[in-house]
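Peer 1: could you work out the structure for the sequence below:
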Amino acid sequence: MKIVVIGGTGLIGSKLVAKLREHGHEAVAASPNTGVNTLTGEGLAEALAGASTVVDVSNSPSYEPEAVMEFFRTSTGNLLAAEAAAGVGHHVALSVVGTERMPENGYFAAKIAQEQLIVSSPIPFSIVHATQFFEFARGIADDATVEGKVHMAPVRFQPIAGDEVAQAVGRVAVGSPLKGRTEVAGPEQTRMDEFFRQALAAWGDPREVVTDPQAQYFGAVPGERTLVPDDGATLGTIRYLDWLKQNPAP
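Peer 2: This next block holds a predicted model:
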């Protein structure tokens, strides 16, 4: 099966391409680095020729609200049009748990717009909602730092290893279209402030973690269950502190 992975040289994409190839699939890593640009359409037709499935794990280079909205609307529109022309039978997209619960977050709003385009397209689809990746924990802490202290809301948090996100997306990609959404999350659900208190201690980071009910998550205050999945989500098995032993923080 030929599977084209948009964003195939990135964090999740590179892992996904490797896993698909291990299972005998023709996995094509498509990104600007390989001559495929979904914003301009460059290289799309050539990359999609003969593809059964397209997996979109690409991401915006900017998280500024207008820029990220433009990225997902333009790239998704171009990609879906190219897929229709190529006769692709399954579109898989990676999105985020809780997008619909925090639309005031610019990134989440852009992912909602992306999903709406996918759902309204005639191409059979599957959307995988994942929680935050372990790999992004440092960036989340840095964004939440105010005057040297890390402000975190006491809400539920259930991050996941990037390898397990790639594994979940891969399973969906080789199956029949879900024509809907599925969720994947890490094995442990805790409070966000408690997670980062433990994480910073494990990193050897001296910053204090402040429990702050009004703390923002990239521009918006999350609710109690904004960032965690509903019942029935597929759960990973890798715990953060175990993952950290193999992926020590810089």
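Peer 1: tell me which residues in the helix or strand where Gly77 lies are buried?
Peer 2: If you go by DSSP states H and E, Gly77 is part of helix 65-86. For helix 65-86, a neighbour-count test (16 or more other CB atoms under 10 Å) marks 68-72, 75-76, 78-80, 82-83, 86 as buried. C-beta here means a position set from N, CA and C on the backbone, and glycine is covered the same way.
Peer 1: and the helices in this structure?
Peer 2: 11-22, 44-48, 65-86, 106-120, 137-143, 162-173, 192-203, 240-246 (DSSP state H).
Peer 1: return the most buried member of those helices.
Peer 2: Among the helices of the chain, helix 162-173 has the highest mean neighbour count (mean count of other CB atoms under 10 Å), at a mean of 22.
Peer 1: for it, give me every contacting residue.
Peer 2: For helix 162-173, the external contacting residues (CB atoms under 8 Å, 6 or more residues apart in numbering) are 3, 11-12, 15-16, 19-20, 23, 53, 55, 57, 90, 92, 94, 126, 128, 130, 133-135, 178, 182, 184, 186, 234, 236-238.
Peer 1: quick one, grab the pLDDT at Tyr63.
Peer 2: As predicted, Tyr63 sits at a pLDDT of 86.
Peer 1: and it, what does it touch?
Peer 2: 106-107, 218 are the contacts of Tyr63 under CB under 8 Å, 6+ apart.
Peer 1: okay if I get those as JSON lines plus pLDDT?
Peer 2: Output for the contacts of Tyr63, formatted as JSON lines (pLDDT from 0 to 100):
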{"residue": "Gly106", "pLDDT": "93"}
{"residue": "Tyr107", "pLDDT": "94"}
{"residue": "Phe218", "pLDDT": "90"}
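Peer 1: looking at those residues, which one is closest to Leu39?
Peer 2: Lowest distance from Leu39 to those (CB to CB) belongs to Tyr107, with 17.2 Å.
Peer 1: coming back round to it: dump the helices of the chain into a markdown table; add distance to Ser31 as well.
Peer 2: Listed next are the helices of the chain as a markdown table, based on distance: least, CB to CB, whole Å:
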| stretch | distance to Ser31 |
| --- | --- |
| helix 11-22 | 7 |
| helix 44-48 | 10 |
| helix 65-86 | 11 |
| helix 106-120 | 17 |
| helix 137-143 | 20 |
| helix 162-173 | 15 |
| helix 192-203 | 30 |
| helix 240-246 | 25 |
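Peer 1: any idea which of these gets closest to Arg156?
Peer 2: Taking the helices of the chain one by one with CB to CB, helix 192-203 is closest: 7.3 Å.
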